[in-house]
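> give me coordinates for this.
(2 chains)
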There are 2 protein chains.
Amino acid sequence: MTNASTDLQRVLDGRWVEVRDTVREHLGSADWATPTTRLPIAEYRERTTGQLLRLLAEPWAHVGFSADPDSEGDIGGALTLFECLGHVDLSLFVKVGVQVGLFGGAIAGLGTQRHHDEYLERVARGELFGCFAMTEVGGGSDVARLATTATYDEDTDELVVHTPSPSATKDYIGNAAKDGTMAAVFAQLVVRGRSHGVHCVLVPIRDEHGAPMPGVTLADCGEKIGLPGVDNGEISFDQVRVPRANLLNRFGSIESPAPGEPAVYTSPIESDNRRFFSMLGTLVRGRVTVGGGAGAATRNALTLAVRYGARRTQFTRGDSDEGVRLLEYATHRRRLLIPLARTYALALATNELVEDLHELRADGEPEEMKVRRLEEQAASLKIANTAHATATIQACREACGGAGYMWENRFGALKADTDVFTTFEGDNTVLLQLVAKGLLTQYKDSFDSFDTREMVLFAARHAAESVVERAFGGSIVQRLIAGAPGRDADNALEDRGGQLAIFQDREEHLVSTLADRMRGRAKEKDGEDADPIEVLSAVQPHMVAAAWAHIDRLLLEAFAAAAEGCESEETRSLLCTVCDLFVFSTVEANAAWFMEHGRISAAQSKAISRRVDELCAALAPHAETLVDAFGLLDAWLDCRLLDRA
Amino acid sequence: MTNASTDLQRVLDGRWVEVRDTVREHLGSADWATPTTRLPIAEYRERTTGQLLRLLAEPWAHVGFSADPDSEGDIGGALTLFECLGHVDLSLFVKVGVQVGLFGGAIAGLGTQRHHDEYLERVARGELFGCFAMTEVGGGSDVARLATTATYDEDTDELVVHTPSPSATKDYIGNAAKDGTMAAVFAQLVVRGRSHGVHCVLVPIRDEHGAPMPGVTLADCGEKIGLPGVDNGEISFDQVRVPRANLLNRFGSIESPAPGEPAVYTSPIESDNRRFFSMLGTLVRGRVTVGGGAGAATRNALTLAVRYGARRTQFTRGDSDEGVRLLEYATHRRRLLIPLARTYALALATNELVEDLHELRADGEPEEMKVRRLEEQAASLKIANTAHATATIQACREACGGAGYMWENRFGALKADTDVFTTFEGDNTVLLQLVAKGLLTQYKDSFDSFDTREMVLFAARHAAESVVERAFGGSIVQRLIAGAPGRDADNALEDRGGQLAIFQDREEHLVSTLADRMRGRAKEKDGEDADPIEVLSAVQPHMVAAAWAHIDRLLLEAFAAAAEGCESEETRSLLCTVCDLFVFSTVEANAAWFMEHGRISAAQSKAISRRVDELCAALAPHAETLVDAFGLLDAWLDCRLLDRA
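Model (predicted):
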């Protein structure tokens, strides 16, 4: 590695560099990495389960998988470790995520002391394998309306968990097909005939011999597009009884008000809806994790494709027999270096988000708006990282031609494994609308709530004048914007502060016009509320555009702060060029919007495309340096693609 | 099926409707369709080889796989049959393509009577399995410079086929890993110490027991991302001797000028380069086939995703419990209906191309420019169909959420199998530049030639004023354009002729400005020719844009002719709305270009996006009708995704 890549790696590694180095040291070998041959599903599942157990046996791997009920553990270290597992193998990454992040996270975040004492240590050691049973066949993204019930039976002091119809079957549940012996089941809690909304109940699903518990029906989802090491399955319940104590009762409990009196439902949060979204909020780390893993997978793919492009020749230079390297071609540079620039932006923004989450918890109980804003940022980076992974890994495969199609070079696994990331932990299309709702309402409503009518009415009523809140980069970004030429100055895009102002302006304009349109649409017909579905449909593309503008602004702020704050002059200069490419290519990709709204002229738009070409050309000689800084694991670099380039 | 879909299906089925109906009747069952479970590679290969043999045993399947050396067979029927195999299973599609299209096609197109007599019948019956051994590890797309040699040994009257270095190993060759007993090997032909460029030689590679022939080394490429039923492998030769008669000698022969005199090289085409590209030209059907198969795969995916979107509900309508169907959401409509409109355009343009190729051959020996134009159109539709397949199948998977990720619903197979289509039979990035070169030089140079220096100099010298040649739709298109309001009229985009004029103008402008830039760049430095790689790099994004503008124009002409020429008023009206969506969404996707070049105003650009939303909303109620018209096979409709929607 060159000095420049060592320096850059330090910037990208961020605060939890020891976690990253530990993974490089311990998990860099071929027995951990995604295999170069395709394994049968049963064999892959065994491998992944074995890796999970080996990992959980490592003391260093408990950095953040804290089983200590009195401590949240090292949140930042834990999230960084998850991200690094994305560099190793994505089945392992998801398997650990299901076991520790989702199942363990549900117990930690939704349970109380007695649950922590009873389960967390066993979960962290892999002695108790668990499922996070939320999604249902019929419900999909609409988790607030899931149909499974948990009915309190006062006679026996038990909860009766039941699947009322085939469409209420829990589906796609990780750990359900093979390993899981218990499930954290999300169900409508019914006490004395009244439903109190969705709560989470621990239900044993397999006995010690691996057979389904009485009343529990399990099925194997079988082959998926990817993630062969994760045993997804279906679960349904026929009047399954568990003790009342199995209710994870941090947000809602069934207790006897006084000795001898019958137990009743109590909760610190009155509204069923708000309570449910508070529960979901504790799971925000899942979205950060998925985004981080998608980022890691993207960096793996880009490292291979960029190295190949820097070495592989195609066709010859004029008269001579000298081959032309792929990265000498302008189209090839655009294919790889534009995604590379955005990959840098995403990695740096994800680091900032992890720090913010870490500090939030370290602060003690945080204020509600701050939490919602972090939930929104986690969703934003989940969307951005996963959409980018899908597009970029595809581009990398194509950029390696026929060699890219061979399974041994791992693009197939990267593509297949990450493919569902845009869907799970919140479908991107739904999340984009939640992000837009958050921008409109300035986080006055629960983040995850997606009730069309509520959303439309709420947004129309509460839509604020858009006030952009600085998320990342704080004082550096403020200083840059303050010193920038005006947004309309000809050279605004050549100045970092000007770039920041332009990105901010795009977001503000989209959010404030969205608010106007929603207000206008919501009250259309003689004082009658318009059909909320029609209102939503009319503004949905606008909502999505506003959310993307917000995401791009977050990314630029994080990138600008990291680049401009970089100490080494040489590294700073290189990083600033990558940041410029991110800026110009983002404006180019949205050039129609900028022209439609009088932000740039036709001539400026053409000049921006030329700048993208120039910046790609300027970065091409540094392309290997830029990907070496990702610190790919040894086993991933030992690749036939590169041997034969 | 509704009347409208029956009617639409007639339009889409085109001229060789009996071929399509035969496939629907004979290959519609589950034993032919892509399996809903993932088979181990060995089993899939057996299945596909078995299907190939069963297919070749069917008399109707010989419609165009003519083994009769005196007849070209029914070209249109054959190409349509290939396309229909893309609806059945893509491994079978490629396996048949390798055996009959490439191997059989090489013998038919590059060989002479004695080769036809000896081999074609056995190839068509599956008694002789063959490989098309062109691509080399080191060469990739640069096939004119491949390194394998075939040296004539006059002492023994044999050709010695040799792999001079590991990078000359033939790679990714279908039928090489398991079934192939002979290969059509592309090699530099050396006679009496002089190389005459690339020729094709038949070389036995396996004996009757399946063991490699002496001097032949075979290796299995193993698992690929997709196409598990196709046994791709590597082949290399260590001084392997074959009789002189094994040279496929239509374009170049080694003959004795008179009895007793030593044999010498002769050819009807003087230039090595032109000869080679004439040889490649005979293989144009391969590109039509790949484009057609990609189109079929896309229609399979869209049928599933659109049906799911029309039935599946997510979230509820306001106060009531009534679910909202996915296609009621504007973003979901955009995701599926915009690609659906382009899919119609592609299907109709592909039908026209097949007819043109059919008629060309029926005309007898065609003139050179006409052939080059057809080669260019085949490349254009190969690019357009395959790029569209990659993007659309991905969008379909995502539009079906978690269910889309389950292997049983076949999106995984469709994605994986078609993934290499953008790469093989001409990498799309290379082909886009060849299309642009053809537009610049008005087909004065061989189509497939990609020598950077030649191309730059030739294009700079010969670049014509752009004259758009009408490819598809002929008189109908002429009439529509003639009756159109001026390009600059405000309502031009609402008139079919105006739309055609706008698409044509975009292509003309891009091609003529490209010519200007190439001329300017090629002579930059004091009369010295500029470095061709630098010239190319400077104009490459412009070339690609010009080629896409050309492709879009071809698509619109075919669509307009089919829609406006439709007899039933109801069907015509529906088809015209789909065509409008294709037009407006294409302009929207290129809105920056149209604004940069003063073709539309900012206000018009915004209005175009609103029109796209309106058209999507207008088509949503007809979405199932539109996909039913694709005539999906029974086994593909029998799908858990749709059962559970």
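> list the contacts of stretch A:7-21.
A:1, A:63, A:76-77, A:80-81, A:84, A:344, A:347-348, A:351, A:354-355, A:562, A:566, A:568, A:570-571, A:574-575, A:625-626, A:628-631 (C-beta atoms under 8 Å, 6 or more residues apart in numbering or on different chains). Heads up, the C-betas are built off the backbone N, CA and C, glycines and all.
> go with 7 Å
Stretch A:7-21 has contacts (C-beta atoms under 7 Å, 6 or more residues apart in numbering or on different chains) with A:63, A:76-77, A:80-81, A:84, A:347, A:351, A:355, A:562, A:566, A:568, A:571, A:575, A:626, A:629-631.
> which bits of the stretch 401-550 of chain A sit near chain B?
A:401-402, A:405-408, A:412, A:419-420, A:422-424, A:427, A:429, A:450, A:452-453, A:532-533, A:537, A:540-541, A:544 (C-beta under 7 Å from any C-beta of the partner chain).
> show me where the stretch 451-600 of chain A has strands.
In the stretch 451-600 of chain A, the strands defined using DSSP state E, counting those that start in this stretch lie at A:523-525, A:528-529.
> let me fix that, I meant to ask about the stretch 301-450 of chain A.
Using DSSP E, counting those that start in this stretch, strands in the stretch 301-450 of chain A cover A:313-316, A:323-325.
> can you list those strands in CSV and add mean neighbour count?
Below are the strands of the stretch 301-450 of chain A laid out as CSV (neighbours: other C-beta atoms under 10 Å in any protein chain shown):
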stretch, mean neighbour count
strand A:313-316, 20
strand A:323-325, 19
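> dump those into CSV; add mean pLDDT as well.
Formatted as CSV, these follow (pLDDT from 0 to 100):
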stretch, mean pLDDT
strand A:313-316, 88
strand A:323-325, 92
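> make CSV from those strands and add distance to residue B:302 to it.
Output for the strands of the stretch 301-450 of chain A, formatted as CSV (distance: least, C-beta to C-beta, whole Å):
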stretch, distance to residue B:302
strand A:313-316, 34
strand A:323-325, 39
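> including distance to chain B, could those go into CSV?
Below are the strands of the stretch 301-450 of chain A laid out as CSV (distance: least, C-beta to the nearest C-beta, whole Å):
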stretch, distance to chain B
strand A:313-316, 5
strand A:323-325, 6
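> and the stretch 201-350 of chain A, which of its residues are near chain B?
A:221-225, A:314-319, A:324, A:328-331, A:334.
> just the ones in helices from the residues you listed, please.
Using DSSP state H, the subset of those located in helices is A:330-331, A:334.
> buried among these? Make that a ChimeraX selection.
Buried members of these, defined by 16 or more other C-beta atoms under 10 Å in any protein chain shown, are picked up in ChimeraX with:
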select /A:330,331,334
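> from the ones in helices among the residues of the stretch 201-350 of chain A next to chain B, which single one is nearest residue B:105?
Residue B:105 has its nearest neighbour among those in residue A:331, at 29.9 Å by C-beta to C-beta.
> my guess is the closest one contacts residue B:543. True?
No: counting by C-beta atoms under 7 Å, residue A:331 stays clear of residue B:543, with 8.4 Å between them.
> gap between residue A:383 and chain B?
12 Å (C-beta to the nearest C-beta, to the nearest Å).
> number of residues surrounding that residue?
26 (other C-beta atoms under 10 Å in any protein chain shown).
> ditto for residue A:140
With other C-beta under 10 Å as criterion, residue A:140 counts 22.
> nearest to chain B: which residue in the stretch 251-400 of chain A?
Across the stretch 251-400 of chain A, no residue is closer to chain B than residue A:318, which sits at 3.8 Å (C-beta to the nearest C-beta).
> ok, now which ones touch that residue?
B:452-453, B:532.
> just the residues you listed that are near chain A?
Checking the contacts of residue A:318 against chain A (C-beta under 7 Å from any C-beta), the matches are B:452-453, B:532.
> mind putting those into a markdown table with distance to residue A:379, neighbour count and pLDDT?
A markdown table is the format used below for the ones next to chain A among the contacts of residue A:318 (distance: C-beta to C-beta, whole Å; neighbours: other C-beta atoms under 10 Å in any protein chain shown; pLDDT from 0 to 100):
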| residue | distance to residue A:379 | neighbour count | pLDDT |
| --- | --- | --- | --- |
| B:452 | 46 | 21 | 74 |
| B:453 | 51 | 19 | 76 |
| B:532 | 49 | 22 | 81 |
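> now render these as JSON lines, adding distance to residue B:280.
Shown next, in JSON lines, are the ones next to chain A among the contacts of residue A:318 (distance: C-beta to C-beta, whole Å):
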{"residue": "B:452", "distance to residue B:280": "18"}
{"residue": "B:453", "distance to residue B:280": "20"}
{"residue": "B:532", "distance to residue B:280": "22"}
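> now, those that are in helices?
B:452-453, B:532.
> and the contacts of stretch A:7-21, which of them are buried?
In these, the ones that pass as buried (16+ other C-beta under 10 Å) are A:63, A:76-77, A:80-81, A:84, A:347, A:351, A:355, A:562, A:566, A:568, A:571, A:575, A:626, A:629-631.
> got phi/psi on residue A:27?
The phi/psi pair for residue A:27 (degrees, to the nearest 10) reads phi -120, psi 20.
> excluding chain neighbours, what is closest to it?
residue A:88 (4.9 Å; C-beta to C-beta, 6 or more residues apart in numbering or on different chains).
> state the distance from the one you found to chain B.
20 Å.
> for that residue, what are phi and psi?
Dihedral angles for residue A:88 - degrees, to the nearest 10 - are phi -90, psi -60.
> doesn't residue A:31 make contact with it?
No: counting by C-beta under 7 Å, residue A:88 sits too far from residue A:31 to count as a contact (10.4 Å).
> those two: which is more packed in?
Per other C-beta under 10 Å, whichever of residue A:88 and residue A:31 has more neighbours is residue A:88, with 26 against 11.
> show me what contacts that one?
Going by C-beta under 7 Å, 6+ apart, residue A:88 touches A:27, A:32-33, A:633.
> ditto for residue A:201
Taking C-beta under 7 Å, 6+ apart as the test, what residue A:201 contacts is A:150, A:159, A:161, A:185, A:187, A:242, A:246-248.
> cutoff 8 Å now
Neighbours of residue A:201 in contact, by C-beta under 8 Å, 6+ apart: A:150, A:159, A:161, A:184-185, A:187, A:189, A:242, A:246-248.
> now do residue A:424
Residue A:424 touches A:172, A:290, B:402, counting by C-beta under 8 Å, 6+ apart.
> now those residues as a markdown table including distance to residue B:613?
Formatted as a markdown table, the contacts of residue A:424 follow (distance: C-beta to C-beta, whole Å):
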| residue | distance to residue B:613 |
| --- | --- |
| A:172 | 32 |
| A:290 | 30 |
| B:402 | 27 |
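> most neighbours among these, which one?
Neighbour max across these (other C-beta under 10 Å) = residue A:290, 29 neighbours.
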